[in-house]
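Chemist: Have a look at this prediction, sequence included:
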Amino acid sequence: MAHPSEIDLTVYPDECDAFGHLNQASFLSLFERARWEMLARGPGMDVFTRAGTWPAVRKTTIDYHAAAFPGDVLRFHQVLTHRGRTSFTMRQTARRLGDDTLIATAEFVFVCVNRDGRPIPVPEEFGAFMSVRHDSGDARRLTVNGVNLAVESRGEGPAILFVHGYPFDRSIWRDQMESLDGYRRIAPDLRGMGQSDAPDLGYGMGIYADDLASLLDALGVNDVVLCGLSMGGYVLFEFLRRWRNRARGLVLIATRAEADSTEARRARDAAAASAREHGAASVADTMVPKVLAPSSQERAPELVTQVRNIMAATPVAGMVGALAAMRDRLDSTGLLPTLAGLPTLVLAGEEDLLIAPDAARRMASLIPNARLALIPGAGHIPPLERPSETTAEIREFLRIIG
Ligand code: MLT
């Protein structure tokens, strides 16, 4: 049974062009129909008029990823990514049910206006409905540090916080979230990615770290084992600078301590310009072949689709923000020897093309008593490419630190 925020709509022949592709105008109306249908199943289509207001569209951004044809059933997923006083942003994705292909992603900014066209507050009932009833999967949404973050929390026991990289979301930790019984597993979507808010501005390693600390506060968690992949590791270095006393252990996956070189900084700006100009899907096309090990792409072609979908659904604002945050991050090499006493596991995929496993060897040699694990047959995303091997390493580390 579909989740309440998911609406399935069938593409009809009269909505398609001469070549049988769903046309642009019909696409817009399908997005709109999905939103109204969702309200009809929730607080009612008159949730706005009851409050004397109307949601006027102020901005629309649509990325078309693949064609849809008559008879296709499209699953529209609606998420509120930003809620201001009088405006809100809704992100919608459309996937074909048959083969889970991502067909389009769209972002709509609305302003609630009264009859005179003046902005008035977003109806409380609508905000509450979107925030509470329409969470996706096992996630709930919590407002911390001025943003609404999607977060999944499972199990009881000592807490472990999973922080994904760029441009991914919490779904890369699926195996670890499902398997690590005996621990409280917490996996948020960082601001700007997944189903969390994606403000236009306000990104930086310090801000991501503040978000995580506030999130732990909101969940009533004091100390935690920190586990970050790639950019997630950069965020954790910043977390450790600020709240070293909250860390019980550290797992660094496919990451590095060094800051960006001048050349790498320029490449971040070029990547941001390209994301702005060509959209998230083109970033995904460029990155997918680099993040998955060649052997993973051959062995598990479905991973290619999965990772491409995650990337292509990332809001451009979140991508641009993360690229600036990575460009400006501090060098954390000097921090490593100061982590003496903090049990640490450094893990990397042997076939990582983005951050060579040598970076892991260097970090492990600089952190007193760190364990090093290299995972064969994995590239830049070991938790997804080699889930059971990665989970086993983490489980063993957690067992040792007790
Ligand atoms: C990531 O996976 O988080 C990024 O690729 C890291 C980076 O680009 O430095």
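Modeler: Sure thing, it's come through.

Chemist: Tell me who's in contact with Pro294.
Modeler: Shown here is Pro294, whose contacts under the criterion Cβ atoms under 8 Å, 6 or more residues apart in numbering are 351, 379. All C-beta atoms are positioned from the backbone trio N, CA, C, and that covers glycine.

Chemist: Which phi and psi values does it adopt?
Modeler: phi -50, psi -40 (degrees, to the nearest 10).

Chemist: ditto for Glu263
Modeler: Dihedral angles of Glu263 (phi, psi; degrees, to the nearest 10) stand at phi -60, psi -40.

Chemist: do the same with Ala264
Modeler: Dihedral angles of Ala264 (phi, psi; degrees, to the nearest 10) stand at phi -70, psi -30.

Chemist: From Val57, how far out is the residue located most distally from the centre of the chain?
Modeler: The outermost residue of the chain relative to its centre, with distances by Cα atoms, centre = their mean, is Asp116 at 38.4 Å. When distances are taken as Cβ to Cβ, to the nearest Å, Asp116 and Val57 turn out to be 18 Å apart.

Chemist: mind listing what the residue in the stretch 51-200 of the chain that the ligand sits nearest to touches?
Modeler: Relative to the ligand, the nearest point of the stretch 51-200 of the chain is Gly165 (2.7 Å; Cβ to the nearest ligand atom). Counting by Cβ under 8 Å, 6+ apart, Gly165 makes contact with 172, 228-233, 254-255, 380-381.

Chemist: What number of residues are in the vicinity of Gly379?
Modeler: By the measure other Cβ atoms under 10 Å, the count of residues near Gly379 is 28.

Chemist: Make sure I have this right: it is in a helix.
Modeler: No - the assignment for Gly379 (DSSP: H, G, I helix; E, B strand; the rest coil) gives coil, which keeps it out of a helix.

Chemist: on that earlier part again, look at the residue of the stretch 51-200 of the chain closest to the ligand and tell me its secondary structure.
Modeler: For Gly165, the secondary-structure state derived from three-state DSSP is coil.

Chemist: The spatially closest residue to it that is not a sequence neighbour and the ligand, how far apart?
Modeler: The shortest distance from Gly165 to any residue that is not its chain neighbour, by Cβ to Cβ, 6 or more residues apart in numbering, is 3.3 Å, and that residue is Ser230. In this structure, Ser230 and the ligand are separated by 3 Å, where distance is defined by Cβ to the nearest ligand atom, to the nearest Å.

Chemist: cool, and Pro343?
Modeler: Counting by Cβ to the nearest ligand atom - Pro343 and the ligand are separated by 23 Å.

Chemist: Does that residue touch Leu398 like I think?
Modeler: No - Pro343 is not in contact with Leu398 according to Cβ atoms under 8 Å; the separation is 9.4 Å.
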